[in-house]
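[1] The sequence and its predicted three-dimensional model are supplied below.
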Amino acid sequence: MDTVKNRLKELRARDSLNQTELAKLAQISRQTVSLIERGEYLPSILIALKIAKIFKEPVEQVFSLAEGESK
């Protein structure tokens with residue numbers, strides 16, 4: 001199975017958001033944000049797009065396949 005990397009923690013720091021604030025903006029739970037950051041949960045396309053929009057970044061700049069894992 002492919003591994004997905006994300007930049008949530010980095011982007012939250014850049015925008016001075018904590019997990020709770022990001023969760024509220026994305027309409028998800030803080031626990032979900034934490035799981036996504038740790039790579040323990042793959043967000044749906046809808047959640048990934050919402051998060052990318054919050055950070056004003058293309059979704060590919062927020063989520064990506066881990067090096068050497070793409071086919």
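    Yep, it's here. Numbering: from 1, shown residues only.
[2] pLDDT weak spots in the chain?
    1, 68-71 (pLDDT under 70).
[3] so after the top helix by length along the chain, what's the next helix or strand?
    Longest helix in the chain by number of residues (criterion: DSSP state H): helix 45-54. Where DSSP states H and E defines the elements, the next helix or strand beyond helix 45-54 is helix 59-62.
[4] what comes into contact with that next one?
    With Cβ atoms under 8 Å, 6 or more residues apart in numbering as the test, helix 59-62 has contacts from 6-8, 11, 48-49, 51-52, 55. Yep, even glycine has a C-beta here, placed from its N, CA and C like the rest.
[5] ditto for stretch 25-45
    So stretch 25-45 is contacted by 3-6, 8-9, 17, 19-20, 22-23, 47, 50-51, 54, 63 (Cβ under 8 Å, 6+ apart).
[6] Buried subset of the contacts of helix 59-62 as a ChimeraX selection?
    Applying 16 or more other Cβ atoms under 10 Å to the contacts of helix 59-62, the buried members can be selected in ChimeraX as follows:
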select :6,7,8,11,48,51,52,55
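[7] Next, format the contacts of helix 59-62 as CSV and append distance to Ile36.
    CSV is the format used below for the contacts of helix 59-62 (distance: Cβ to Cβ, whole Å):
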residue, distance to Ile36
Asn6, 6
Arg7, 11
Leu8, 6
Leu11, 12
Ala48, 9
Leu49, 13
Ile51, 8
Ala52, 12
Phe55, 13
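[8] May I have the longest helix of the chain exported as CSV, CA atoms only?
    In CSV, the C-alpha atoms belonging to helix 45-54 read as follows (Å, rounded to 0.1, in the frame of the first residue of the first chain):
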residue,chain,number,x,y,z
ILE,A,45,-10.8,13.7,-1.0
LEU,A,46,-13.3,16.1,0.4
ILE,A,47,-11.3,16.6,3.7
ALA,A,48,-8.0,16.8,1.8
LEU,A,49,-9.4,19.5,-0.5
LYS,A,50,-10.9,21.5,2.4
ILE,A,51,-7.6,21.4,4.3
ALA,A,52,-5.7,22.5,1.2
LYS,A,53,-8.1,25.4,0.7
ILE,A,54,-7.7,26.5,4.3
